[in-house]
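# Quick one, fold the following:
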Amino acid sequence: MSEAPLFYTAQTIHPEDRSKIISIRTGIRDIDRKIIGLNKQEISVFSGLRSSAKSSILSQVSLNIADQGKKVALFSGELKATKVLNWMQLQAAGRSNTVATTYENFFTVEPQTLEEINQWIDQKIFIYNNDYGKKTENILTAVEYCIKVKKIDVVILDNLMAIDLGATNFTKNEKQSEFIWKIKETAEKNNVHIILVAHPRKSLGFLRVDDIAGTADLTNAADNVFIIHRVNRDFRRLTADMFGKDHEIYNYDNIIEICKNRDLGYQDEFIGLYFDVTCKQFSCDHSENIYGWRKKEEDNGDIRQQTYWN
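From the prediction side, this is the model:
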């Protein structure tokens, strides 16, 4: 085999065969219509203000990925595994299978339904046990194990602030840079997609990419950058000049902004989501996601896609 050239020319660069790119749908219709999905061997950064629904949306994305027959490994540094599972169970149940309680906006799921959901997501979604430590080496070792043994397709690290990088105030940015390039290498080497949640620094204006806390390598290395906004009074006030007072974007409950998409070049795209308080699902059109546990074995049709995509 001849040595690779020091510099390529037009005739020595082979065009990329897009048919070989494995892209995993987020299951959020209007995002996938724009960027197709999350490409393997790439990384994404999600950010947003506190209570913007970052973890909730990624919980649903995990279910959407599992519904495609793919597997997810999830690190949630701020929540116990029981809390993560409870939220997923409610989303997986859907509005048709939740039960109202005497408390406002608090819904439950029947035990038999919970068992069916658990059987469905078992061996599809793997939630990291925080008792094994939050140091970088503990998490990355666990991730690589899960990839090799469980054949994981997508890894979600929620969030960077909860990971012990072994940094001081003087080495914080350096350690973050080392970490982001390490997970990029992990994604490429293991043919997975890795999602990293990064909190923003305090901002008095409308949240932008430059407001994401930490080193610039977080967004430079990322193939996709998304910011999740909650449509509240602050959002309306801070975006009034951008959209105008009566813009349709204010009809939604949450917005996912595609700030960067290296593959297809999308940026500054705003995707509106409605929130269903009964089951904590998000959708672009008030539709209900119907997951695999509700599909009869003899039904070869994809009910979720029929409901969600058409």
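# Would you mind measuring from K134 to S283?
The spacing between K134 and S283, counted by Cβ to Cβ, to the nearest Å, is 33 Å. Using the backbone N, CA and C atoms, a C-beta is placed for each residue, glycine as well.
# what about the two, which has more around it?
With neighbours defined as other Cβ atoms under 10 Å, K134 and S283 compare such that S283 has more, 20 against 15.
# sec struct for the spatially closest residue to the more buried one that is not a sequence neighbour, please.
Nearest non-adjacent residue to S283, counting by Cβ to Cβ, 6 or more residues apart in numbering: Y274, 5.6 Å away. Look at Y274: counting by DSSP: H, G, I helix; E, B strand; the rest coil, its state is strand.
# State the pLDDT value of Y274.
Predicted confidence (pLDDT) for Y274: 98.
# That one contacts Y252, doesn't it?
Yes: counting by Cβ atoms under 8 Å, Y274 does reach Y252; the two are 6.1 Å apart.
# Go through the chain and flag its longest helix.
In the chain, ranked by residue count with DSSP state H as the criterion, the top helix is helix 172-190.
# Please state the offset of stretch 204-224 from the chain centre?
Computed by Cα atoms, centre = their mean, to the nearest Å, the chain-centroid distance of stretch 204-224 equals 16 Å.
# Contacts for it next, please.
35, 38-39, 42-45, 47-49, 160-161, 172-174, 176-177, 180-181, 184, 196, 198-201, 203, 225, 227, 229, 235, 238-239, 242, 258-263 (Cβ atoms under 8 Å, 6 or more residues apart in numbering).
# Now restrict the residues you listed to buried residues only.
Buried residues within the contacts of stretch 204-224, counting neighbours by 16 or more other Cβ atoms under 10 Å: 35, 38-39, 42-45, 47-49, 160, 176-177, 180, 184, 196, 198-200, 225, 227, 229, 235, 239, 258-261, 263.
# Return the subset of those lying in strands.
38-39, 43-45, 47-48, 196, 225, 227, 229, 258-261 (DSSP state E).
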